[in-house]
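Predicted model and sequence below, questions to follow.
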Amino acid sequence: GENVEQHPSTLSVQEGDSAVIKCTYSDSASNYFPWYKQELGKRPQLIIDIRSNVGEKKDQRIAVTLNKTAKHFSLHITETQPEDSAVYFCALVDDYKLSFGAGTTVTVRA
Amino acid sequence: EAGVAQSPRYKIIEKRQSVAFWCNPISGHATLYWYQQILGQGPKLLIQFQNNGVVDDSQLPKDRFSAERLKGVDSTLKIQPAKLEDSAVYLCASSLGGYSNQPQHFGDGTRLSIL
C-alpha cells in the first residue's frame, strides 16, 4: 500500500494564527486527496477534499493545496479558533482504497 | 440526513472471546467500509463492500475476522477469537458510489478493549 507521510505530528498555535499541515506521497496515480478532522472520541469528519485536476480549493478558513509534480498536498487553517483543536488526517486513494496519514494533533492556545 | 449508525459504542471482552459489530450506512450509499483505528494512528481499511459484494479485503485478517453485508445495506464485522492487539476503534464508513475517490462518511465507531 501507499505510504503517505504527514508532518508535523503535533502542532500548537496561538489563537488567530495560521496552521499548516503537509503530506507527501509517492504514487503518481493518486487522484483524490481528502482531509478529515477527528475530535477526541468522535468520528472522523470530512472537512475538505481536492482532486488532481485542481491545484487549490478553499472553504472559508480552510484551504488545501496540491502539487502533483512534487507529490505533496497541504491543509491551511487561517484565523485559528479553539474549536479547531483536533487531530487532522490527510488521506489519498491508493490502489483503489483510501490510505490515511498518521495524523497531526493541533492545539489552539487561547 | 441520518448519518452512519454503529453499535455498540463500547465493548470489553477477554482475549479468545468473540465479538460482533453492526453498521447501518447512510441511506442510498452503495459502498460500505470497515476500518480499524489503533490509538494514535490513522484508520486502516479492513474490508470494502459494493452493495453486497466484497471489493477489497486484502488487509482483513481472515483467520479471525469476518464481515458480511447480506442485503446490501447493514453490515456486521466479527472477530473470533479476539487477541490483545485487536484493541482499537472499529469504524464503519459509507459512500454514495462505487469509487474510492468519492467522499466517505464515518460512524462514531465501536471502541473495543481486549483484557
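That came through fine.

Please count neighbours and contacts with C-alpha atoms only from this point.
OK.

Each with direction, which strands does the least confident helix or strand in chain A by mean pLDDT pair with?
When the helices and strands of chain A are scored by mean pLDDT, DSSP states H and E, strand A:97-100 comes last with a mean of 88. Sheet pairing of strand A:97-100 (DSSP bridges) gives strand A:86-94 (antiparallel).

quick check: mean pLDDT across the strand it pairs with?
For strand A:86-94, the mean pLDDT works out to 92.

Low-confidence stretches in the chain?
In the absence of a named chain, chain A is used. For chain A, applying pLDDT under 70 flags the ranges A:1-2.

To clarify, I was referring to chain B.
For chain B, the ranges with pLDDT under 70 are B:1, B:98-100.

In terms of helices and strands, where is the residue nearest the centre of it?
Residue closest to the average C-alpha location in chain B (CA atoms, centre = their mean): residue B:34, at 2.8 Å. Counting by DSSP states H and E, the element that carries residue B:34 is strand B:31-37.

That strand - contacts with which helices or strands?
If you count contacts as 3 or more CA pairs under 8 Å, 6 or more residues apart in numbering or on different chains; DSSP states H and E, strand B:31-37 packs onto strand B:44-50, strand B:88-95.

What pairs with that strand, parallel or antiparallel?
Its sheet considered, strand B:31-37 pairs with strand B:44-50 (antiparallel), strand B:88-95 (antiparallel) by DSSP bridges.

Export those as JSON lines, with columns for mean neighbour count.
What follows is the strands paired with strand B:31-37, written out as JSON lines (neighbours: other CA atoms under 10 Å in any protein chain shown):
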{"stretch": "strand B:44-50", "mean neighbour count": "23"}
{"stretch": "strand B:88-95", "mean neighbour count": "26"}
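
Save those as JSON lines, and put in distance to residue B:2 too.
Below are those laid out as JSON lines (distance: least, CA to CA, whole Å):
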{"stretch": "strand B:44-50", "distance to residue B:2": "20"}
{"stretch": "strand B:88-95", "distance to residue B:2": "12"}
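
The ones you listed: which one's closest to residue A:81?
For residue A:81, the closest of those is strand B:88-95, at 27.6 Å, according to CA to CA.

tell me what the next helix or strand after the closest one is packed against?
Next in sequence after strand B:88-95, counting helices and strands by DSSP H and E, comes strand B:105-106. When contacts are defined as 3+ CA pairs under 8 Å, 6+ apart, strand B:105-106 sits against strand A:45-51, strand B:88-95.

count of residues packed around residue 61?
You didn't say which chain, so I picked chain A. Number of residues near residue A:61 (other CA atoms under 10 Å in any protein chain shown) recorded here: 11.

Let me rephrase: I mean chain B.
Neighbours of residue B:61 under the rule other CA under 10 Å: 11.
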